[in-house]
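Participant: take a look and give me a structure for this.
(chains A and B)
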2 protein chains.
Amino acid sequence: MSYTIKDVAKHANVSIATVSRVLNGLSGYSKATEEKVLQAIKELEYQPNAIARGLISKKSNTVGILFPEVSSQFSAKILRGVEEAVHRLGSSVIVCNTASHGQRTMKYLQLLSEKRVDGILFVSESITEEFYKTLDSMKIPVVLISTESYQYPFPFVKVDDKHAAFTATDYLVRMGHSKIGMLGGNKEDLIAGQPRIDGYKQALAQSGLPINEQSIIHSLGFSFKDGFTGLPKLLEQSSDLTAIFAASDALALGAISAAYKLGVKIPDELSIIGYDNLPIAEMAIPPLTTVAQPLEEMGMVATEMLFSMMEQGRRVESRILPHCVIERESVKEIKPI
Amino acid sequence: MSYTIKDVAKHANVSIATVSRVLNGLSGYSKATEEKVLQAIKELEYQPNAIARGLISKKSNTVGILFPEVSSQFSAKILRGVEEAVHRLGSSVIVCNTASHGQRTMKYLQLLSEKRVDGILFVSESITEEFYKTLDSMKIPVVLISTESYQYPFPFVKVDDKHAAFTATDYLVRMGHSKIGMLGGNKEDLIAGQPRIDGYKQALAQSGLPINEQSIIHSLGFSFKDGFTGLPKLLEQSSDLTAIFAASDALALGAISAAYKLGVKIPDELSIIGYDNLPIAEMAIPPLTTVAQPLEEMGMVATEMLFSMMEQGRRVESRILPHCVIERESVKEIKPI
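Facilitator: Reported below is the predicted structural model:
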């Protein structure tokens, strides 16, 4: 049989209110009382009903996370970090796949609101006015991951995209390359688009290298397919490139596949550096040199920020996590002419 | 301001109990009453509190899913299908990463029990007696994905592992190969281990080809690394192989990388077929021919089975979903000698 809070109170010889206070970590009872209650809970193998407890504490011990595409390696790595931290902190995580679709995102925000989640993690996408209004009306903490908002005051966790793109391009310069192209993603993307292009240009400028718009390809997105179709176009526009900075690992892998088809040897004839350090980077042939984002750590840090906000009831500072170059075998050092 | 169920009742001029019945989809009111209540809900922009509603209906409108490794492409694809179906059915999904760790799995089962989830999806792992006892005590439906239990009566969704391994090996035979090796994963794995080895052997036997234990490598797991270290061992044991069946795409990609290091050309000198059809298969160089498991569909079907069980209160039939060979470029057709 399963016992109720009433049974626990009777067994411990205290009031139901006292058991409830102990269960919810409130004050107002002695250490001895607490021990009696915990002993009774143990003896009866009493399992507090989380739903009922949520109703008392006004907490659901659940947080929601919204991904544009839950099946990507990028999302999966972030989710790993979030899941780890959320469970460590005694809560659970509800996963929503928005497919980058505004209406679907709104539907999920409604659902999370109805579920009374204690906080929301919002990954990669831009915050629209509509999203903001709904999030604001929910009166719960929100933390952005791998994105940020200039208009709305949500704290975020990300790497510095411009700086990381600078680091990647500068790495190619240091390896002796001077004809460096870029495979960009969607340049309309406020976070991963223009800032990475700016970082690439700044690295060239700083080394006194010319910036040539013909050496940049803008794709629709950041996918393998975009890289696969982008590389031939880029080499047609700028046939003398010796190295390429790809704005995502998926773009880089697509480019490597296209190079393989074209008979262009990586890294002997063309060096490529990626961005993200997804598990696929390690599996590429040759293994892909890339700028690493610490995705799991970003998930963990964002979760900890969210819980700080829940407990302290005030905003926390945004966090820029460090990026670094992971050297593998897709970039060749060349002697300057 | 936010309205309560009381306000809705007053506005619609019905009792609170009637509003509750409408909200929970119960019978006992006329069509006209239902319309009045829905109209009042709309006019007041009333949002039923999901926690309170859960308490009334004894449903939390939440299901839990346990993965051994949430950040793998395999899990991510299944989660995509589950998430899609769960949201379509008006519920949410809580994600748990067990790290294939018994104690951690038990902790999560406790947590899901406390949250009063309506059902549980259990992916890839074996059901131990301890897991079974806890799952059984929860008195909620459980569906297994990509695993099955001979001892415990949980319905499952998977492909037929032995048959799929047979199909992969038989494909190599049909492409003219007669010296076919196998890169196996962990042979202790009751689902993905021995059945895939059996399927490989049966395909060889059926074509009158000899079975040679030296042509099979058993690894610790099914990872890229296992394939990377496994291929050189396999070629050392059996130097005359012209084709290999790898028991996972990750194993196959590891083998392709090892072949690249060894200077063995794929598919010209060695053909490889994988198993799973993960997104990485398409990105391999050359793109990997593989036996596809319909992972997203498996996630959807399992979710639908779970909801059928919740509604009907009885067990549903297990489902074996079809597998198929996806032809890409890692297998070469050779003329029989």
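
Participant: what's the host helix or strand of A:Thr33 packed up against?
Facilitator: Using DSSP states H and E, A:Thr33 maps to helix A:31-44. For helix A:31-44, the packing partners by 3 or more C-beta pairs under 8 Å, 6 or more residues apart in numbering or on different chains; DSSP states H and E come out as helix A:5-12, helix A:16-23. Quick note: C-beta positions are derived from backbone N, CA and C, even for glycine.

Participant: what's that helix in contact with?
Facilitator: Residues outside helix A:31-44 that contact it (C-beta atoms under 8 Å, 6 or more residues apart in numbering or on different chains): A:Tyr3, A:Asp7, A:Val8, A:His11, A:Ala12, A:Asn13, A:Val14, A:Thr18, A:Val19, A:Val22, A:Tyr29, A:Tyr46.

Participant: out of those residues, the closest to chain B would be?
Facilitator: A:Tyr46 (11.1 Å; C-beta to the nearest C-beta).

Participant: quick revisit: drop anything exposed from the contacts of helix A:31-44.
Facilitator: A:Tyr3, A:Val8, A:His11, A:Ala12, A:Val14, A:Thr18, A:Val19, A:Val22, A:Tyr29, A:Tyr46 (16 or more other C-beta atoms under 10 Å in any protein chain shown).

Participant: pull the contacting residues for the third one.
Facilitator: Right, the one you point to is A:His11. A:Ala40, A:Glu43, A:Leu44.

Participant: closest to chain B out of those residues?
Facilitator: A:Leu44 (14.8 Å).

Participant: top of the contacts of A:His11 by neighbour count?
Facilitator: Ranked by neighbour count (other C-beta atoms under 10 Å in any protein chain shown), these have A:Ala40 at the top, with 21 neighbours.

Participant: measure that one to B:Arg116 for me?
Facilitator: 22 Å (C-beta to C-beta, to the nearest Å).

Participant: alpha carbons only: can I get the helix holding A:Thr33 in CSV?
Facilitator: Extracted C-alpha coordinates of helix A:31-44, given in CSV (Å, rounded to 0.1, in the frame of the first residue of the first chain):
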residue,chain,number,x,y,z
LYS,A,31,16.1,19.4,14.6
ALA,A,32,14.5,16.6,16.7
THR,A,33,11.2,17.1,14.9
GLU,A,34,12.9,17.0,11.6
GLU,A,35,14.6,13.7,12.4
LYS,A,36,11.3,12.2,13.6
VAL,A,37,9.6,13.2,10.4
LEU,A,38,12.5,11.9,8.2
GLN,A,39,12.5,8.7,10.2
ALA,A,40,8.8,8.2,9.6
ILE,A,41,9.2,8.9,5.9
LYS,A,42,11.9,6.3,5.7
GLU,A,43,10.0,3.7,7.7
LEU,A,44,6.8,4.1,5.7
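
Participant: give the buried residues for that helix.
Facilitator: For helix A:31-44, by 16+ other C-beta under 10 Å, it's A:Thr33, A:Lys36, A:Val37, A:Ala40, A:Ile41, A:Leu44.

Participant: chain B contacts on the stretch 201-337 of chain A?
Facilitator: Counting by C-beta under 8 Å from any C-beta of the partner chain, the residues of the stretch 201-337 of chain A close to chain B are A:224, A:250, A:253-254, A:256-257, A:260, A:279-280, A:282-287, A:296.

Participant: now do stretch A:279-292, average pLDDT.
Facilitator: If you average the pLDDT over stretch A:279-292, you get 92.

Participant: so A:Phe122, which state does it fall into?
Facilitator: For A:Phe122, the assignment made with DSSP: H, G, I helix; E, B strand; the rest coil gives strand.

Participant: burial measure for it, as a count.
Facilitator: With other C-beta under 10 Å as criterion, A:Phe122 counts 27.

Participant: same check on A:Glu282?
Facilitator: A:Glu282: 17 neighbours (other C-beta under 10 Å).

Participant: that one touches A:Arg328, doesn't it?
Facilitator: Yes - checked against C-beta atoms under 8 Å, the pair A:Glu282 and A:Arg328 is within contact range at 7.3 Å.

Participant: where do the contact lists of the two overlap?
Facilitator: Contacts common to A:Glu282 and A:Arg328, judged by C-beta under 8 Å, 6+ apart, are A:Leu288.

Participant: point out where chain A drops to low pLDDT.
Facilitator: For chain A, applying pLDDT under 70 flags the ranges A:1-2, A:24-27, A:47-58, A:336-337.

Participant: contacting residues around the helix or strand encompassing A:Tyr260?
Facilitator: Here A:Tyr260, judged by DSSP H and E, is contained in helix A:249-262. Contacts with helix A:249-262, where a contact means C-beta under 8 Å, 6+ apart, come from A:183, A:185, A:219, A:222-232, A:235, A:244, A:246, A:265-266, A:270, A:272-278, A:280-281, A:284-285, A:288, A:290, A:330, B:283, B:285-287.

Participant: returning to what we had before: with distance to A:Gln73 added, can I get the buried ones among the contacts of helix A:31-44 in TSV?
Facilitator: Shown next, in TSV, are the buried ones among the contacts of helix A:31-44 (distance: C-beta to C-beta, whole Å):
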residue	distance to A:Gln73
A:Tyr3	45
A:Val8	46
A:His11	51
A:Ala12	50
A:Val14	52
A:Thr18	50
A:Val19	46
A:Val22	44
A:Tyr29	49
A:Tyr46	42
